[in-house]
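In: How does the following fold in three dimensions:
(chains A and B)
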Amino acid sequence: MKRKPVYILCIFAAIAVLIYMTGESYYSGITKKAGLEKKEEKVYQYQYDLIVDSPDSQFWQAVYASARKTAAQNDVLLEIMGPDRGTSYDKLDYMNMSIAAKADGIILQYNGESGLEKAIDTAVENGIPVVTVMSDAVHSRRQSFVGVSDYQLGMAYGEFVSSYVDEDTEKILILQKRDIDDMNESQIYTQISNAVQAASGKNDIRIKGRNLLSTGTFETEEAVTDIFQQKRNIPDILVCMDEETTECARQAVLDFNLAGKVKIIGYYTSEDILAAVEKGVISVTCDVDTTQLGQYSVEALTNYIKDGRTNSYYNVDINFLDRAAVEKMRREADTDEKASVE
Amino acid sequence: MKKLRWSDLSLVSKIVIEVGVLAALMFTINMLFYVRINNSMQEMDDVYASNAQITELGQVFEDVQDSMYQYLKVKSSQALMDYYQNEAKYRQELEKLNDQNIEDSVKLLEKKIRKMSESYLSCTAGTVAAKRGRNVEKYKLKYDESLELYSYIQSSMDELNKQLFKENSQTYGALRAVMKYLEISNTVIMLLGVVCGMILLIMATRGMFRPLTNMAETAQLVGQGNFNVKMPPTDAKDELGVVTRAFNTMVENLGLYIARTKAGMEKEQQMMERELLMETHLKEAQLKYLQSQINPHFLFNSLNAGAQLAMMEDAEKTSIFVEKMADFFRYNVKKGEEDATLEEELEAVDNYIYILNVRFAGDIHFSKKVECDVENVRVPSMILQPVVENAVNHGIRNIDWEGHIELSVERWKDHIEISVRDNGQGMTKEQIEKVLSKKIHNSSSEGDSTGIGMNNVISRLELYYEQDGLMEIYSEGEGMGTEVVINIPVERSENNVQNPAC
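Out: Alright, predicted model coming up:
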């Protein structure tokens, strides 16, 4: 009489505990899924802001990913911000905000926006080191520049542009987003222009630079479309100096049925751009090493904060991809994938 | 200290413990529900608390800006005081915000707002100071700067509010799911608890009352007369243990009592049967007399009259003969229904021999040797006469030599030996065996007999003394005579005698 109830009691207790534990794990599953439970919060020593033109673009997301990786290794929390986040702020506002919020460092994609150099100086005065990426604010007190110098970029573009110049080439248009009053003063423009003239040996090719620096939404797309609408002025070679412009140009060429007629020298290797290169819509595209860009910019700031000094210039590799190169890249990727599967 | 066992607890204690355990189980389950629901309710309450907090922060922030603007506008001391109060309040509110570099957009935004607010407050402080110092250019510049910061912070707060709202909405959704889960799980757990409790209670109660049920069944069997059934032995010290042991003892005693009564009754029955048999045999003997002598009373009264007549006629021998005849028949009639003393029996034998000797002209030589007191020894009546009769009829009647019959009574330690010996024809062993095993039946047609056979004598002896083998017959063969020995047990026969004489 004594044993039996104890035995059955044990069985029931076990069942109850089992049900309770299953229930609790389900319960914690729900709460965890919803973030009800406190997440483990990692605290970083430093916090940097990465201020760029279009933070959502693939190019900058790639840079951000690489920079974050390096940042995490250096006990740094990195935040990306920029104008196309549904706010009316421009980069100067973001700079001011970062200064007011006392960030430990700022990585800025300088584009010559007015007041930006002054803001850089203010930040430096407030003890916030600033590193410019992709284009340099030469006259500011920025600590370092990471990217390809305009000269280097101009040389590289010039080489490719000149290789596409033939007898029928009359107009070349270079689209940049720089806050420069006279595009002809741009290093890139100068280098391309020199290269083209050297290659063609004639002076009647009209090389024109155009600044697409915009503060408004969709302005790039409108500007590119506008170029193709003026039939007289449709360029033979279109040089695009950023990802967004390249994508807009590709779309415009397809819309106006000018694929193959207008040679596009693009920028960056997003999936759309690579597909366009494969189809021949874009002749060649420049690939900047985003990993190096992100890594070097964080390293530059960290070096400065820790050591009080840093290199004033970090060079990032560039690489041009034409149809053959893209196809080769694809094949290699396929082989790698297969090898990894096997 | 002796270990307290469950079976040793009283029924009341057991029931109290069981109900207590059940109540504790239910209470625990309820507490569990209470804690869980309470937690969820609290979380539900807290869901939009963060939004409320940010909204409040924004309100204080606006108050700071407004009070500064008021001061700049009218420069009243009230406005200045308001500004300082709001500033202090805002700083207090800011303390609640995160100020660490945490990888969480909300936390990071909080830090940003806090830091920007600090810059903003130092800027407003500068603005107010410049205004107080009447530095017009500087306070206007500072005001513009603080206005810019104000807009940054405001938009950051909006962003934070938006993010929090998004996060809280998710939390709210999850909490609803949690509440739903709790509802189901609580029901399941409650049902499980009730089922478990009921099963436990049923099992424990059944365990507790099983001995009682068994006892009821056993009692029913006992009631039907089966005293071999018993409850399984138990050493439990509760009421049921006590009752079980008492029941077992009771059944055992009842069995013994019944067995004893049964044995007594059987014995009584046997005795009754024996008496009945004796009566039957006597009746049989009497019947035989009645058959042969139509009216013995009339006969022996007539014989008495005959004897007196003979006396009056001076025929003395005839008178004695007739008197003996009368005595013999009177004894037969009188003692036919009861036992007699050995003396009376011997007297009856004497009378019988006398009668025979008259009949057969003194051919029967009868001698008697009595070596002890025969007055107080009681024996069944009519046992010696038939033996002597047998000795006459089957022993010495048809022999060529002189027939003798010797009767001796001798006292031994535990019995009285009565011996009737003749020197007549003798018996074979088969004959002796037949007589002793009562296989020879006296034929009623045997005219010269008093009617009582050896069978009857042996049977009555056995019944009277409740013992076999009281009669023994010895004969060494034909022509060698026969001795019939009757052993009378002393105890029984002297039951009513105070002083045995031998």
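In: The residue in the stretch 351-500 of chain B positioned nearest to chain A: what's it in contact with?
Out: Using CB to the nearest CB, the single residue of the stretch 351-500 of chain B nearest to chain A is B:Glu466, 55.8 Å away. All C-beta atoms are positioned from the backbone trio N, CA, C, and that covers glycine. The contact partners of B:Glu466, by CB atoms under 8 Å, 6 or more residues apart in numbering or on different chains, come to B:Arg274.
In: can you pull the buried residues of the helix or strand encompassing B:Lys73?
Out: Taking DSSP states H and E as the criterion, B:Lys73 maps to helix B:49-74. In terms of neighbour count (16 or more other CB atoms under 10 Å in any protein chain shown), helix B:49-74 has its buried residues at B:50-51, B:54, B:57-58, B:60-61, B:63-65, B:67-72.
In: average pLDDT for that helix?
Out: Average pLDDT, helix B:49-74: 91.
In: which parts of the stretch 1-150 of chain B sit against chain A?
Out: Counting by CB under 8 Å from any CB of the partner chain, the stretch 1-150 of chain B comes close to chain A at B:5-7, B:43, B:100-104, B:107-108, B:111-112, B:115-116, B:118-120, B:148-149.
In: Buried among these? Need that as a selection in ChimeraX.
Out: A single ChimeraX command selects the buried members of the residues of the stretch 1-150 of chain B next to chain A (16+ other CB under 10 Å):
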select /B:6,7,43,101,102,103,104,107,108,111,112,115,116,118,119,120,148,149
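In: Which of the residues of the stretch 1-150 of chain B next to chain A fall in strands?
Out: B:101-102 (DSSP state E).
In: The residues of the stretch 1-150 of chain B next to chain A in helices, which ones?
Out: Counting by DSSP state H, these place B:43, B:107-108, B:111-112, B:115-116, B:118-120, B:148-149 in helices.
In: Checking A:Ile107 next. Helix, strand or coil?
Out: State at A:Ile107, reduced to three classes by DSSP: H, G, I helix; E, B strand; the rest coil: strand.
In: Over to the one 5 residues further on?
Out: Secondary structure assignment for A:Gly112 (three-state DSSP): coil.
In: Check whether it really touches A:Asp150, as I assumed.
Out: No. A:Gly112 is beyond contact range of A:Asp150, at 11.4 Å (criterion: CB atoms under 8 Å).
In: which residues does A:Ser54 contact?
Out: A:60, A:82-84, A:243-244.
In: change it to 6 Å
Out: When contacts are counted by CB atoms under 6 Å, 6 or more residues apart in numbering or on different chains, A:Ser54 touches A:Asp84.
In: Would it be right to say that it lies in a strand?
Out: No. Secondary structure of A:Ser54 (three-state DSSP): coil, not part of a strand.
In: Pop out the phi and psi values for it.
Out: phi -130, psi 90 (degrees, to the nearest 10).
In: And the closest residue to chain B within the stretch 151-300 of chain A, what's its pLDDT?
Out: Closest residue of the stretch 151-300 of chain A to chain B, CB to the nearest CB: A:Val298 (14.1 Å). pLDDT, A:Val298: 93.
In: so it makes contact with A:Lys69?
Out: No. Counting by CB atoms under 6 Å, A:Val298 stays clear of A:Lys69, with 8.7 Å between them.
In: Compare the two and say which is more crowded by neighbours.
Out: A:Val298 (28 against 14; other CB atoms under 10 Å in any protein chain shown).
In: Secondary structure of the more buried one: a strand, I assume?
Out: No. Counting by three-state DSSP, A:Val298 falls outside a strand, being helix.
In: Ignoring the adjacent residues along the chain, who's closest to it?
Out: Counting by CB to CB, 6 or more residues apart in numbering or on different chains, A:Val298 lies nearest to A:Thr70, which is 4.3 Å off, once chain neighbours are set aside.
In: other SSEs contacting whichever strand or helix holds that neighbour?
Out: Using DSSP H and E, A:Thr70 maps to helix A:58-73. Under the contact definition 3 or more CB pairs under 6 Å, 6 or more residues apart in numbering or on different chains; DSSP states H and E, helix A:58-73 sits against strand A:76-81, helix A:290-307.
In: quick one: contacts for A:Tyr46?
Out: A:Tyr46 sits in contact with A:76, A:104, where contact means CB under 6 Å, 6+ apart.
In: Return the set of residues that bridge with it.
Out: Here A:Tyr46 sits in beta bridges with A:Val76, going by DSSP bridges.
In: what ranges do the strands span in the stretch 101-250 of chain A?
Out: Along the stretch 101-250 of chain A, counting by DSSP state E, counting those that start in this stretch, strands occupy A:105-108, A:130-133, A:144-147, A:171-176, A:206-211, A:237-240.
In: Could you identify which of those strands has the lowest mean pLDDT?
Out: Among these, strand A:206-211 carries the lowest mean pLDDT, at a mean of 86.
In: Convert the C-alpha atoms of that one to CSV, please.
Out: This file holds the C-alpha atoms of strand A:206-211, laid out as CSV (Å, rounded to 0.1, in the frame of the first residue of the first chain):
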residue,chain,number,x,y,z
ARG,A,206,34.5,67.2,-76.8
ILE,A,207,35.1,66.1,-73.3
LYS,A,208,32.7,67.5,-70.8
GLY,A,209,32.4,67.2,-67.1
ARG,A,210,29.1,67.5,-65.2
ASN,A,211,28.5,67.8,-61.5
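In: Mind giving me the packing neighbours of it?
Out: Packing partners of strand A:206-211 (3+ CB pairs under 6 Å, 6+ apart): strand A:171-176.
In: so where's the stretch 1-150 of chain A shaky on pLDDT?
Out: A:1-6, A:30-39, A:85-86 (pLDDT under 70).
In: can we see that at 90?
Out: Applying pLDDT under 90 to the stretch 1-150 of chain A flags the ranges A:1-43, A:53-60, A:82-91, A:110-116, A:134-141, A:147-150.
In: The residue of chain B at minimum distance from chain A: how many residues sit nearby?
Out: Proximity of chain B to chain A (CB to the nearest CB) peaks at B:Ala174, 2.6 Å away. The number of residues packed near B:Ala174 is 19, by other CB under 10 Å.
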